[in-house]
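J.: the amino acid sequence is not available; the structure is as follows:
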């Protein structure tokens, strides 16, 4: 067998023990906050039916879905050995071809002409049909058609692209078992065939909480609390939870009657600090906004002050727009809820330039940024009025948030906020010189473990130096060395690997020290 | 958009909140025992390079590997529009075809003849070549060849089939970062394109611990301890850890010189209880074992008594076989280690009919069975002398075990051993009649959460009956109802949802009760 030079697929990663301890720390913290707020964990399969996923993420998203080959299909068997076999293959899979018009020309004129020619051709068999097709040009159009059908029936499953669509599928499929409102969280990997680059992977974990079946804005307020508590618990001290509302953006569009240019508008307004009012107006003019538009927009562009003041200005600017005012009401309700709670570290900011998820969010829009490190968004979410409509269950509103675990990892690393590994690594390594020491050590080893101390015995035979190196590599804080002196006296040498300090202690004292 | 009737792919499952609590209980228990014994967690990507996986699981296994289509490939673009385009496609992917002999006939005589004809054909281009190929019969052989090349380059990645091969790949790839012995555990899903049936899924979790780079039999003894502690902690009271050694089986084969019939032999011996000695001898005769063979085998067939007695009989039967005696020595060493430890619930049984993993295990073989429920093996493992050789790193010995999490789940369910969900579900639901009650409740809700009580407030507007149903469905043990009386008096109605008992308590008393 040829020896492979082993690697992982592009854009995927192994996680080492050290990385796993840190990742578990992040996930466990977030999960425990989700649970505290009444969210329950579910898991869905890595693979979904292709029909569940396709068409849910736009054309660009569809292309990034990893498709799985049907097992035992094309790879494992010779393809298209003869037309007879092809015919059987197609029949077996219930694939119907439009035999009356097998050709597909690029040249429109030719196509018309040939359509006429081919319209009434009905071949009795594929070979016959192919013969006819082959006499025309291009000879391979039928073949192409057959092939693309084959390929399309060759993949019926794909890896999940996010956790939201599988959640919607879950809700519809299990609607009779679920009590509404259904608050679920889910922490699982997703896969995207994106071009890998720094910080962007083809496999990464998503960490989502969503509630479905409740239109109360208390849910939105609690999402703010969840962000606040989880990120504070992880040690972040300064972060901003930005809030916007899709209805406010719709209101702005309504006021100036330019619904398609909401993105242009928010991008320009976002530059106010950098380029000043004149700069913004210039950019808006370039994008086709009229002076009348800009007059109406001025209160929006110049939105200043605290959140209450911003909201008041917005109400003034949007007074003509029913939907815009509804958005202001919703934001205000969320702020009122939050007034009843004390936030730990989060700053809340009404930011009308926040336009993420414009295609699907219908109410609140969230984004979270740390102010302690240069990093994009570390979380986001919003409300979508019709989550499950794509699977035929109408009128179910939902709202959800997501934590960007990989970015949070990088932030905690940069700010040195990870606790030491002591909570998970081995607490004590027993080293011995020979088989005799090993035998002596076994009951001590069991005693330690029966008291829930994480302990290891290095198998006899290795030099003590190597055993100590092992302890250091695994960040084991204490080592016990058992030699003939120790066995005679019953006092073992305990070494603190950080300070280097050694002392002679009885096994009882060591157990007591490690369990106190 | 057409509405899909949502489902999960065949052989895959959703896990509901209730199931997740139980699954987490199993995984958390096993992980915590792994950590106690010095094993460290790693994770590897769901997808591996196809070359990493193929050829590692035998022909049957290879067929069960789920392959992933290259992104942006055949599905997304029209296939084989013209030969010019095909040519570009092939060149871009550096696919070389053997142009001198593109045909592949089924009829041998014809093939010989045509081989001669085609031997010296060198087409200047694909179109030219195809023209020539097409003049001959069958016309599509070249096409087939092109296609099968295309299809094969269409999948370069696959979903992992187990955790052992990815672990071997990990060890080789990260050999410079790893300190030996490397003790790792891994709990992740694997995928197999098996025919789904009761208890067999296409996606399921494996739960493995392996040590690499240590030949000490202490590792094997500790695997027994890990099984004992993990399964006892999960509440199992009567289970057997069966131990065999591949070298003993090799020794038996050596003694009777029938290495290929080790499975026949163990299957027959395994029936001793049911069909008696005469029955076993009859079956062995039918399988071609001679009377002389059977005379030599009698001590093996009649192996009885405790483990020490069995070992003594085996030594006698295998006294001519060096490797057989080596196997006995290894088993004895493991038993000696275990003598130094007190097992909690496990029974250890030397069982020479245990022949799992005969293709790869070279030393100890383990299998675990519960004696409390009718269930196949709930765990297994063994030692393999050359784990990483397949990736070019020779001479690294390894040993490992696996827990069958799905089967353990079924056993715990059958024996009613799952603890109640109290550890993870919401502890208190606050119900109120209206917005006024909701506002009143918010500070109380925050107080509870700040004291780490998992608490929820049902958003205002729903009937109390519906709110109580919600608490029941989520198995929430306590409910507080806030009406106008409660707000006036400051004493809230606390209802124990199991007993139905209600009492009026201050918020301080409720917090104290839930945090004590």
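T.: That came through, no problem. Every value quoted in this text rests on a predicted model; they were computed, and no experiment measured them. Numbering: from 1, shown residues only, chains lettered A, B, ... in the order given.

J.: tell me how far residue A:284 lies from chain B.
T.: Distance, residue A:284 to chain B, by CB to the nearest CB, to the nearest Å: 36 Å. (C-beta placed from N, C-alpha, C; glycine too.)

J.: repeat for residue A:333
T.: 10 Å.

J.: for the host helix or strand of that residue, which helices and strands make contact with it?
T.: Taking DSSP states H and E as the definition, one finds residue A:333 inside helix A:322-339. For helix A:322-339, the packing partners by 3 or more CB pairs under 8 Å, 6 or more residues apart in numbering or on different chains; DSSP states H and E come out as helix A:218-233, strand A:239-245, helix A:246-256, helix A:307-317, strand A:346-350, strand A:364-370.

J.: tell me the mean pLDDT for that helix?
T.: The average pLDDT for helix A:322-339 rounds to 96.

J.: cool, stretch A:286-300 as well?
T.: The pLDDT scores in stretch A:286-300 average 87.

J.: mind listing what's buried along that stretch?
T.: A:289, A:293-294, A:296-297, A:299-300 (16 or more other CB atoms under 10 Å in any protein chain shown).

J.: and for stretch A:5-18?
T.: Within stretch A:5-18, judged by 16+ other CB under 10 Å, the buried ones are A:6, A:8-9, A:11-18.

J.: contact partners of it?
T.: Here stretch A:5-18 makes contact (CB atoms under 8 Å, 6 or more residues apart in numbering or on different chains) with A:23, A:194, A:196, A:200-203, A:421, B:40-49, B:52, B:156-157, B:169-170, B:172-174, B:177, B:184, B:391-392.

J.: any idea how far apart the tips of it sit?
T.: 24 Å (CA to CA, to the nearest Å).

J.: likewise for stretch A:338-347?
T.: In stretch A:338-347, first residue to last residue: 11 Å (CA to CA).

J.: redo the helices and strands packed on helix A:322-339 as a markdown table? Include mean pLDDT.
T.: Below are the helices and strands packed on helix A:322-339 laid out as a markdown table (pLDDT from 0 to 100):
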| stretch | mean pLDDT |
| --- | --- |
| helix A:218-233 | 98 |
| strand A:239-245 | 97 |
| helix A:246-256 | 90 |
| helix A:307-317 | 94 |
| strand A:346-350 | 96 |
| strand A:364-370 | 96 |
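
J.: can you add mean neighbour count and give the ones you listed back as a markdown table?
T.: What follows is the helices and strands packed on helix A:322-339, written out as a markdown table (neighbours: other CB atoms under 10 Å in any protein chain shown):
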| stretch | mean neighbour count |
| --- | --- |
| helix A:218-233 | 23 |
| strand A:239-245 | 23 |
| helix A:246-256 | 23 |
| helix A:307-317 | 17 |
| strand A:346-350 | 18 |
| strand A:364-370 | 24 |
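
J.: low-scoring stretches of chain A, by residue?
T.: Scanning chain A for pLDDT under 70 picks out the ranges A:1-4, A:71-154, A:422-423.

J.: mind running it again at 50?
T.: The model of chain A has pLDDT under 50 over residues A:1-2, A:72-86, A:95-107, A:109-111, A:113-130, A:132-153.

J.: angle of the longest helix seen in it against helix A:218-233?
T.: In chain A, ranked by residue count with DSSP state H as the criterion, the top helix is helix A:17-36. Put simply, helix A:17-36 runs at 150 degrees to helix A:218-233, going by axes from the mean of the first three to the mean of the last three CA atoms, to 10 degrees.

J.: residues of helix A:17-36 that come out buried?
T.: So for helix A:17-36, counting by 16+ other CB under 10 Å, buried means A:17-27, A:29-31, A:33-36.

J.: C-terminal to it, what's the next element?
T.: Next element after helix A:17-36 (DSSP H and E): strand A:40-41.

J.: that following strand pairs with which strands, and in what direction?
T.: Strand pairing for strand A:40-41, using DSSP bridges, gives strand A:182-191 (parallel).

J.: before we move on, back to that, can you give the distance from the helix holding residue A:333 to the centre of its chain?
T.: Relative to its parent chain, helix A:322-339 has a centroid offset of 28 Å by CA atoms, centre = their mean, to the nearest Å.

J.: cool, and stretch A:38-58?
T.: Worked out by CA atoms, centre = their mean, stretch A:38-58 lies 12 Å from the chain centre.

J.: kindly check the end-to-end length of it for me.
T.: End-to-end distance of stretch A:38-58 (CA to CA): 33 Å.

J.: one step back: the helix holding residue A:333 to helix A:246-256, inter-axis angle?
T.: Counting by the same axes, to 10 degrees, helix A:322-339 points 150 degrees away from the direction of helix A:246-256.

J.: the buried residues of stretch A:5-18 in helices, which ones?
T.: A:17-18.

J.: how about the buried residues of stretch A:5-18 in JSON lines, adding distance to residue B:239?
T.: Converted to JSON lines, these look like this (distance: CB to CB, whole Å):
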{"residue": "A:6", "distance to residue B:239": "37"}
{"residue": "A:8", "distance to residue B:239": "37"}
{"residue": "A:9", "distance to residue B:239": "39"}
{"residue": "A:11", "distance to residue B:239": "43"}
{"residue": "A:12", "distance to residue B:239": "37"}
{"residue": "A:13", "distance to residue B:239": "37"}
{"residue": "A:14", "distance to residue B:239": "34"}
{"residue": "A:15", "distance to residue B:239": "32"}
{"residue": "A:16", "distance to residue B:239": "33"}
{"residue": "A:17", "distance to residue B:239": "29"}
{"residue": "A:18", "distance to residue B:239": "34"}
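
J.: ok, so of the buried residues of stretch A:5-18, who is nearest residue A:253?
T.: residue A:11 (37.4 Å; CB to CB).

J.: from residue B:157, how far off is that closest one?
T.: From residue A:11 across to residue B:157, the span is 10 Å (CB to CB, to the nearest Å).

J.: which single residue of the stretch 201-350 of chain A ends up nearest chain B?
T.: The minimum distance from the stretch 201-350 of chain A to chain B, using CB to the nearest CB, falls at residue A:216 (3.2 Å).

J.: gap between the closest residue to that residue other than its chain neighbours and residue B:365?
T.: Excluding the flanking residues, the one nearest residue A:216 by CB to CB, 6 or more residues apart in numbering or on different chains is residue B:459, at 3.2 Å. Residue B:459 sits 58 Å away from residue B:365, going by CB to CB.

J.: next one: residue A:294
T.: From residue A:294 to residue B:365 the distance is 80 Å (CB to CB).

J.: kindly report the same for residue A:319.
T.: For residue A:319, the distance to residue B:365 - CB to CB - is 79 Å.

J.: picking that back up, helix, strand or coil for the residue nearest to residue A:216?
T.: What DSSP: H, G, I helix; E, B strand; the rest coil gives for residue B:459 is coil.

J.: contacting residues around the helix holding residue A:333?
T.: A:217-218, A:220-221, A:224-225, A:243, A:245-252, A:254-255, A:307-308, A:311, A:314-315, A:317-319, A:348, A:350, A:363-364, B:442.

J.: break chain A into its domains for me.
T.: Per the TED database, the domain ranges recorded for chain A read A:17-45+A:158-415, A:71-102+A:121-152, A:428-514.

J.: what's the end-to-end length of the longest one?
T.: I take that to be domain A:17-45+A:158-415. 21 Å.

J.: just checking, residue A:262 touches residue A:354?
T.: No. Using CB atoms under 8 Å, residue A:262 is not in contact with residue A:354; the gap is 11.6 Å.
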